[in-house]
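1. only geometry, no sequence info:
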């Protein structure tokens with residue numbers, strides 16, 4: 001019995017790693033495959049199985065910026081500049097934390113996808 005449990009654990013660990021390696025790929029011309037999601041950038045929509053999740057303009061912009069450097073830390077300053085300051089809006093960094101929190105909630109349907117915080121430095125999208 002312990003051997004079966006260990007075997008299953010190894011199987012799921014290997015399966016999870018394989019899934020991570022394959023999780024960010026181009027689909028057809030309209031969408032990207034991010035983990036289990038189909039991501040439609042132009043319409044700001046995530047689709048998983050039969051569920052459609054709409055993103056706000058800022059959430060969509062944040063996801064695109066993180067995807068550009070997927071699995072790399074993107075600085076807080078860069079994200080603030082690209083999402084708000086380039087449009088002439090100056091916000092406190094807490095606004096970024098709230099935006100990341102909202103996007104994380106929308107991505108919870110696929111537990112493989114994570115947005116991690118590098119304290120004081122920035123955020124990283126792990127796919």
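-> It's in. Computed from a prediction, not measured in an experiment: that's the story for all the values here. Numbers count the residues shown, from 1 in each chain.

2. quick check: the gap between residue 50 and residue 70.
-> Distance of residue 50 to residue 70, computed by CB to CB, to the nearest Å: 26 Å. Using the backbone N, CA and C atoms, a C-beta is placed for each residue, glycine as well.

3. tell me where the chain has helices.
-> Assigned by DSSP state H, the helices in the chain fall at 2-22, 57-68, 76-83, 93-107.

4. need the contact list for residue 95.
-> With contacts defined as CB atoms under 8 Å, 6 or more residues apart in numbering, the neighbours of residue 95 are 80, 84.

5. an error on my part: the question was meant for residue 73.
-> Counting by CB under 8 Å, 6+ apart, residue 73 has contacts 118, 121-124.

6. just the buried residues of those.
-> 122-124 (16 or more other CB atoms under 10 Å).

7. let me know the closest of these to residue 42.
-> Ranking the buried ones among the contacts of residue 73 by separation from residue 42, with CB to CB as the measure, puts residue 123 on top at 23.2 Å.

8. run through the bridge partners of the nearest residue to residue 121 once chain neighbours are set aside.
-> Closest residue to residue 121 in three dimensions, ignoring its sequence neighbours and counting by CB to CB, 6 or more residues apart in numbering: residue 73, at 5.7 Å. In this structure, residue 73 has the following beta-bridge partners (DSSP bridges): residue 124.

9. from residue 43, how far out is residue 73?
-> Using CB to CB, residue 73 is found at 28 Å from residue 43.

10. lowest average confidence, helix or strand, in the protein?
-> When each helix and strand of the chain is scored by mean pLDDT, DSSP states H and E, strand 24-26 comes last, with a mean of 49.

11. show the contacting residues for the closest residue to residue 93 other than its chain neighbours.
-> Beyond its immediate neighbours in the sequence, the residue positioned closest to residue 93 (CB to CB, 6+ apart) is residue 76, lying 5.8 Å away. With contact set as CB under 8 Å, 6+ apart, residue 76 has these partners: 93, 96, 120-123.

12. pick the one among these closest to residue 64.
-> Sorting the contacts of residue 76 by distance to residue 64 puts residue 123 at the head of the list, at 13.1 Å, by CB to CB.
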